[in-house]
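Q: need a 3D model of the sequence below.
(2 chains)
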Amino acid sequence: MNADAAARAGYRRFLERRSFIEMNARERACAVLDPGTFREMLGPFDRLKSPWLPLQGIVAQADDGVVLARGTLQAKPALIAAIEGAYQGGSMGEVSGAKIAGALELALHDCAQGRLIWPVLLFETGGVRLQEANLGLAAIAEIHAAIIALRRYFPVVGVIAGMVGCFGGMSLAAAVCTHLIVTPQARLGMNGPEVIEQEAGIEELDSTDRGLIWSLIGGEQRYAVGFADDLLEDDADAIAAAVRKAVSAGPASAPPARSVQAERYAELLRTIDPNQPLDGESLRRLWQRGLKP
Amino acid sequence: MSEESGRSRRGRIWFDALTGGAAASKSRLRSVCVADAALGSETARFIAVVPDAQNRFPRARAGEVGLDEGWALAHHVRATIAEGVEGSRRPIIAIVDVSSQAYGRLEELLGIHLACAAAADAYASARLAGHPVIALLVGKAMSGAFLAHGYQANRIIALDSPEVMVHAMGKQAAARVTRSSVESMEKLGERIAPVAYDIRSYARLGLLHKLIEGINADAPGRIDVDRVRAELVGAITDARAGASDLGCRLTSPAARKMRAASIEVRRRLAEQWHDRS
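A: So this is what the prediction gives:
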């Protein structure tokens, strides 16, 4: 194939690709599950809304920004929890957090009784919803607890596609997943750039410097230094295939989650001198992809 | 005064008080204190994160949970699990006085999210392995720092003191993110308990096992320390008698009122879990 034909083929693939990022949470859950198997739980018609937002003059959405679905992956029972980034920044309030934690707890109950379920989390979240502050934080702790308990039975797969990314307490939820998939449009960080600028000053981080922020916490960087397992283009079919591949090996052969490998990472961190300037490129050279076995 | 140039001494004060002050920390980091001490009729492992003005990471000098702290917490909690034997799982007491996770460019680049997740993961794994994990709140329990150090405990107990606080974000930053002001946020907290910072409002949410009143939190005397020890022993007994999950946070009378939506979500979800079509 000559260069021209290769370029045309690449362009055709680009046109044929279904963007995952452009999908809402419900469409994303559908796209990941086997066709025709999507069954939503606690959907908009159940009207489980935030009890706290209306008290603060904010309109509450009927699903609180989380879509829970049962269905199948390769004909095996699966659970998808998809966060809607377009509603309140994908923030975790009492109801949205309880939906995710509660669904994972039920999956855990089933797994403990030998009925295995493939759990998949589609992150798109700024973290705690500040209007529900401590109830959001409490729910996030319960999400962590459920993922960690569930992971003993079955690999828990997380996807961060973008464009909101995954921040705050939910970045810890992504980190305790067995397998994490990102796109180049994903961002994964604990503290949002605005919060770092507020707490540590603009000389620490200019939150408007987009290039800098992507070089620190963007999907490509996170994958390159070993904080994510797969880096995929924004393609719904490729993401669905990667989710299947990650869980199809089953519980036995999945490597331990990163957050369990304390000695390995502590050792890598000891190679860092905080007094020396360090950027994304230099960290890639330092750490390569030697982070996960 | 518990604050000295913004650095709280509460964590250190209570770590020393509960471990007798004499026990050498097992940790190589000055910012993470780990020691064993008698508690009731057994030995417990006490863990605190404290300020270290010489911390090699400048953004973690005021008692924040930084990169080194997160990984050290994970290491020491996992070591406790490894030393344990079935049937005599040692209690782990997380003494909580953490102003925040470390906010910085280097912290993000090097994966502060993963360091904090590793600590949370270790505490949760200890709980699941049968260790009674108790969080004792003596100062700030803020945001990601609390998620890393304390929030995975079987039981959370707190001193009733104005400096004991739980929240998702510092007031200034929270005001900026919500495009509000500190004053209006404080007013809102008086009306809506989940957004308040003080421990009495937090106690109303039903997440605490016990709020311990009348303790001198900055200069505890022997009676104060003995009372807190007794509450820790009570919490350990309660934890051992209960499940290894966090379900007890949804069952108190306060939780049934203030976390009614959390309970309702789970009830309705259980109804819809199995396909009945």
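Q: for the rest of this, base every contact and every neighbour count on C-alpha atoms.
A: Noted.
Q: report the secondary structure element holding B:Ile134.
A: strand B:133-142 (DSSP states H and E).
Q: just checking, what packs against that strand?
A: helix B:10-19, strand B:92-98, helix B:112-129, strand B:155-159, strand B:165-167, helix B:222-241 (3 or more C-alpha pairs under 8 Å, 6 or more residues apart in numbering or on different chains; DSSP states H and E).
Q: which one of the ones you listed lies closest to A:Asp235?
A: Checking the helices and strands packed on strand B:133-142 against A:Asp235 by C-alpha to C-alpha gives helix B:112-129 as the closest, at 26.4 Å.
Q: low pLDDT regions in the stretch 1-150 of chain B?
A: B:1-6, B:22-23 (pLDDT under 70).
Q: show me the helices in the stretch 51-200 of chain A, by range?
A: All helices of the stretch 51-200 of chain A, identified by DSSP state H, counting those that start in this stretch, fall at A:94-112, A:133-150, A:169-175, A:193-200.
Q: so which of those is the most packed in?
A: Comparing those on average neighbours per residue, with mean count of other C-alpha atoms under 10 Å in any protein chain shown, the densest one is helix A:169-175 at a mean of 30.
Q: that helix vs chain B: in contact?
A: Yes: counting by C-alpha under 8 Å from any C-alpha of the partner chain, chain B is contacted by helix A:169-175 at A:169, A:171-173, A:175.
Q: tell me the one of those residues nearest chain B?
A: Chain B lies nearest to A:Leu172 out of the residues of helix A:169-175 next to chain B, by C-alpha to the nearest C-alpha, at 4.7 Å.
Q: low pLDDT regions in the stretch 1-150 of chain A?
A: A:1.
Q: mind running it again at 90?
A: A:1-17 (pLDDT under 90).
Q: around chain B, which positions in it sit nearby?
A: So far as C-alpha under 8 Å from any C-alpha goes, the stretch 1-150 of chain A lies against chain B at A:41-42, A:48, A:50-52, A:70, A:94-95, A:98-99, A:102-103, A:106, A:128, A:130-135, A:137-138, A:141-142, A:144-145, A:148-149.
Q: report all helices and strands that whichever strand or helix holds B:Ala82 contacts.
A: Assigned by DSSP H and E, B:Ala82 falls within helix B:67-83. Applying 3+ C-alpha pairs under 8 Å, 6+ apart, we find helix B:67-83 packed against helix A:262-270, strand B:32-39, strand B:42-49, helix B:112-129.
Q: does the residue in chain A positioned nearest to chain B count as helix, strand or coil?
A: The nearest approach of chain A to chain B comes at A:Ser259, 4.2 Å away (C-alpha to the nearest C-alpha). With DSSP: H, G, I helix; E, B strand; the rest coil as the basis, the three-state label of A:Ser259 is helix.
Q: report the contact partners of it.
A: Residues near A:Ser259 by C-alpha atoms under 8 Å, 6 or more residues apart in numbering or on different chains: A:175-176, B:114-115, B:117-119, B:121.
Q: of the residues you listed, closest to B:Arg56?
A: Using C-alpha to C-alpha, these come closest to B:Arg56 at B:Ala115, 15.9 Å.
Q: I'd say the closest one and B:His75 touch.
A: No: taking contacts as C-alpha atoms under 8 Å, B:Ala115 lies outside contact range of B:His75: 10.7 Å.
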